[in-house]
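Structure for this input, please:
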Amino acid sequence: MEENNELINNPAVEYTDDNIRHLSDMEHVRTRPGMYIGKLGDGSHAEDGIYVLLKEIIDNSIDEFKMQAGKKIEIIIEENLCVSVRDYGRGIPQGKLIEAVSVLNTGGKYDSKAFKKSVGLNGVGVKAVNALSSRFEVRSYRDGKVRIATFAKGDLLTDTTQDTTEENGTYIFFEPDNLLFENYSFRPEFVETMLRNYTYLNTGLAIIYNGQRILSRNGLVDLLNDNMTAVGLYPIIHLKGEDIEIAFTHTGQYGEEYYSFVNGQHTTQGGTHQSAFKEHMARTIKEYFNKNMRFENAVVVSKHFGDIILQKLTAIAFTCFRLRDIIGKIIVIRVVS
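All right, here's what the predicted structure looks like:
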């Protein structure tokens, strides 16, 4: 009865035209940041939003590298608070610079003319960084001219163009908004892991991080060697196709460990691509020996059959090339049993 009386005594709240609001692109990002970067956080976890902001900027530079425009990216993080990223690609087209960093669903990757392959696709990333930063600056260097624009929380402050002698490319500075990312701080160990993964996936790319040069000449083989804590039972098998790359080996340790990536993104929770690889590998071994066999037994067999089993393991990996129907680049890095 009391509940019914409360409903009678509290009439319905009015809902009028005044309640309908339209948010600008930047307002929407700031009002609903979770839609764009997931959780906010303070940087104490690798999944926190400030690392997503950094990744969104670097992804654009990686796309330039993939288009063979610039082989070096310079990254400086000052006092673990402010970030600057400079690449030596083609530079953002200056006539559309403001739109490219502040208007959602605007970008050069909606067709394959300027970017045959890219990590960023949706025209959102750098705009979210702009909106969620208390300070944001972008410079586009192209053919002796540099256009510089500065923003605060997504609002344009200044826009100038001048002569320059610097190489073509793009420079972006941002400082995450401390009102959203309370007491945040970039953790160097998380940043370095992210950057090393970029170099493993993009052989020949040099990333200069606070003066430290990060480079991989052997790609996924380097990732394996850098993370393995025991000697492999056989040489690392490394296979590359147009849209797929696989490297794997076994050690005598228990358990299993995978590093998988799709379209340049580290899929820390696995996914269909990883499950399919495991299934194909186990199935091929079982079919080869014409009986059910625990996966670790294949390692024991490999000790006795040497080159024969190595050839079969290589064949197993090639069966995974059938997985090209799965979107993106697939890398299963390490299997330990």
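
For burial, what's the neighbour tally of residue 221?
Close neighbours of residue 221, defined as other Cβ atoms under 10 Å, add up to 19. Quick note: C-beta positions are derived from backbone N, CA and C, even for glycine.

An error on my part: the question was meant for residue 159.
Neighbour count for residue 159, taken as other Cβ under 10 Å: 12.

In this structure it contacts residue 151, no?
No - under the criterion of Cβ atoms under 8 Å, residue 159 makes no contact with residue 151, lying 9.8 Å away.

Could you find the closest non-adjacent residue to residue 217?
What sits nearest to residue 217 in space, not counting adjacent residues and going by Cβ to Cβ, 6 or more residues apart in numbering, is residue 203, at 6.6 Å.

I'd say the one you found and residue 215 touch.
No - with contacts counted by Cβ under 8 Å, residue 203 stays clear of residue 215, the gap being 9.0 Å.

So which residues of the stretch 151-300 of the chain form helices?
Here the stretch 151-300 of the chain has its helices, by DSSP state H, counting those that start in this stretch, at 188-201, 220-227, 272-289, 295-305.

would you turn these into a markdown table with distance to residue 260?
A markdown table is the format used below for the helices of the stretch 151-300 of the chain (distance: least, Cβ to Cβ, whole Å):
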| stretch | distance to residue 260 |
| --- | --- |
| helix 188-201 | 11 |
| helix 220-227 | 11 |
| helix 272-289 | 5 |
| helix 295-305 | 17 |
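
For residue 175, which of the ones you listed is the nearest?
Distance to residue 175, taken as Cβ to Cβ, is lowest for helix 188-201 among the helices of the stretch 151-300 of the chain, at 15.5 Å.

burial of residue 213, as a residue count?
Residues near residue 213, counting by other Cβ under 10 Å: 10.

same check, this time on the one 5 residues further on
Neighbours of residue 218 under the rule other Cβ under 10 Å: 14.

which residues sit in contact with the nearest residue to it once chain neighbours are set aside?
Distances taken as Cβ to Cβ, 6+ apart put residue 203 closest to residue 218, at 7.2 Å, once the chain neighbours are dropped. For residue 203, the contacting residues are 216, 217, 218, 219, by Cβ atoms under 8 Å, 6 or more residues apart in numbering.

Name the SS class of residue 100, please.
Of the three states, residue 100 takes helix under DSSP: H, G, I helix; E, B strand; the rest coil.

Tell me the spacing between the closest residue to it other than its chain neighbours and residue 205.
Distances taken as Cβ to Cβ, 6+ apart place residue 92 nearest to residue 100, at 5.2 Å, with adjacent residues excluded. Residue 92 sits 20 Å away from residue 205, going by Cβ to Cβ, to the nearest Å.

between these two, who's got more neighbours?
Neighbours per residue (other Cβ under 10 Å) separate residue 92 from residue 205, with residue 92 holding more: 25 against 21.
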